[in-house]
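Mind folding the following:
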Amino acid sequence: MAENKSNILVGTSGYSYQDWKGPFYPADVKDRDMLAFYARRFPAVEINFTYYRLPGARTMAAIVKKAPWLAYAVKLTGDVTHEGRLTDELARDFRRGVEPMVEAGVLGCLLAQFPWRFKFAPAAVEFLKKVAGCFGDLNVVAEFRNDSWAADDAYRELKRHKIGFCNVDEPRLKGLMPATAVATSDAGYFRFHGRNAKKWWRHEKAAERYDYLYSQEELADWVPRVRDVAAKTQKTYVFMNNHPLGQAVTNAEMMMDLLGVAFQPPGDAALF
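Alright, predicted model coming up:
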């Protein structure tokens with residue numbers, strides 16, 4: 001099975017978008033065939049539907065069967081990150097859902113994306129400690145939107161609890177996270193949300209926030225940061241979340257070129 005020779009894995013946040021038909025997928029592609037097509041171009045993908053509902057083991061097993069060579073980053077449910085509800089039952093059910101990926105050795109990490117209101121404070125650190133206690137063996141990475149987390153004290157707490165740090169690119173607005181190159185665990189992580197400052201706080205649909213196409217120059221500024229984090233970690237994931245109209249695909253391919261990383265899918269992968 002061929003694989004990326006680098007420890008840097010580039011992909012997109014999600015893959016099942018109807019507006020990618022034409023810009024990326026064949027216009028007549030069936031939804032069930034999207035992942036197999038995607039997996040011939042990229043070595044990793046973020047699974048985002050798990051933010052909205054708990055993963056089912058049968059669904060996750062079907063995903064792995066379609067593309068068993070991909071590395072999967074699975075987003076933790078919003079009940080945990082946005083509602084602060086983390087019960088033993090929820091943790092058990094979530095873990096059961098991702099077990100097929102664990103067994104197949106393709107679960108790269110869990111992404112815990114916290115909202116802007118989640119600020120660096122003792123109570124927040126205690127909650128992260130609880131998250132680590134429930135999912136720490138599954139390689140948790142935390143993404144923060146509030147710039148209070150861009151601090152040495154915060155990084156030390158993340159390292160202490162063995163939680164990874166997600167470096168983000170987003171609009172340069174007051175209170176949002178700045179550009180960073182931080183690693184607090186064995187997993188490096190980057191997410192690119194676009195720089196649509198006008199729509200970040202005010203939008204009718206959430207997707208409008210991420211409607212942005214990076215220039216090569218904008219992404220090139222991040223290359224030294226990605227390489228720096230990759231040098232300190234076992235695996236570094238780089239995901240493009242500017243998904244409207246397939247812009248994430250364009251920028252993911254651009255980033256792979258800038259980083260000089262290549263991906264060759266298995267020879268028996270389905271052809272389209």
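
now stretch 26-35: how far from the chain's centre is it?
Centre-to-centre, stretch 26-35 and its host chain are 22 Å apart (Cα atoms, centre = their mean, to the nearest Å).

typo on my end, it should be stretch 121-137
Distance of stretch 121-137 from the chain centroid (Cα atoms, centre = their mean) equals 19 Å.

Show me where the chain has its helices.
34-38, 57-66, 78-81, 88-104, 122-135, 152-160, 197-200, 216-220, 223-230, 247-259 (DSSP state H).

which one of those helices lies closest to R172?
For the helices of the chain, proximity to R172 was assessed by Cβ to Cβ; helix 197-200 is nearest, at 7.2 Å. (C-beta placed from N, C-alpha, C; glycine too.)

Neighbours of the residue lying closest to L86 once chain neighbours are set aside, how many?
Among residues not flanking L86 along the chain, V80 sits closest, at 5.0 Å (Cβ to Cβ, 6 or more residues apart in numbering). Neighbours of V80 under the rule other Cβ atoms under 10 Å: 23.

can you list the helices of the chain in TSV and add distance to D169 and mean pLDDT?
Listed next are the helices of the chain as TSV, based on distance: least, Cβ to Cβ, whole Å; pLDDT from 0 to 100:
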stretch	distance to D169	mean pLDDT
helix 34-38	22	96
helix 57-66	27	97
helix 78-81	20	97
helix 88-104	27	98
helix 122-135	23	97
helix 152-160	18	98
helix 197-200	12	90
helix 216-220	8	98
helix 223-230	9	98
helix 247-259	10	98
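
As JSON lines, those helices with distance to P266 would be great.
Below are these laid out as JSON lines (distance: least, Cβ to Cβ, whole Å):
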{"stretch": "helix 34-38", "distance to P266": "11"}
{"stretch": "helix 57-66", "distance to P266": "12"}
{"stretch": "helix 78-81", "distance to P266": "34"}
{"stretch": "helix 88-104", "distance to P266": "14"}
{"stretch": "helix 122-135", "distance to P266": "30"}
{"stretch": "helix 152-160", "distance to P266": "35"}
{"stretch": "helix 197-200", "distance to P266": "39"}
{"stretch": "helix 216-220", "distance to P266": "28"}
{"stretch": "helix 223-230", "distance to P266": "24"}
{"stretch": "helix 247-259", "distance to P266": "18"}
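
Those helices: which one's closest to S16?
Of all those, helix 34-38 sits nearest to S16, with 5.3 Å by Cβ to Cβ.

and the spatially closest residue to A181 that is not a sequence neighbour, how many neighbours?
Closest residue to A181 apart from its sequence neighbours, by Cβ to Cβ, 6+ apart: R225 at 3.6 Å. A count of nearby residues for R225, using other Cβ under 10 Å, gives 17.

Surely R225 touches N167?
Yes: with contact defined as Cβ atoms under 8 Å, R225 reaches N167; the gap is 6.7 Å.

Now for those two: what residues contact both?
Any residue near both R225 and N167 by Cβ atoms under 8 Å, 6 or more residues apart in numbering counts here, and that gives A179, T180, A181, F190.
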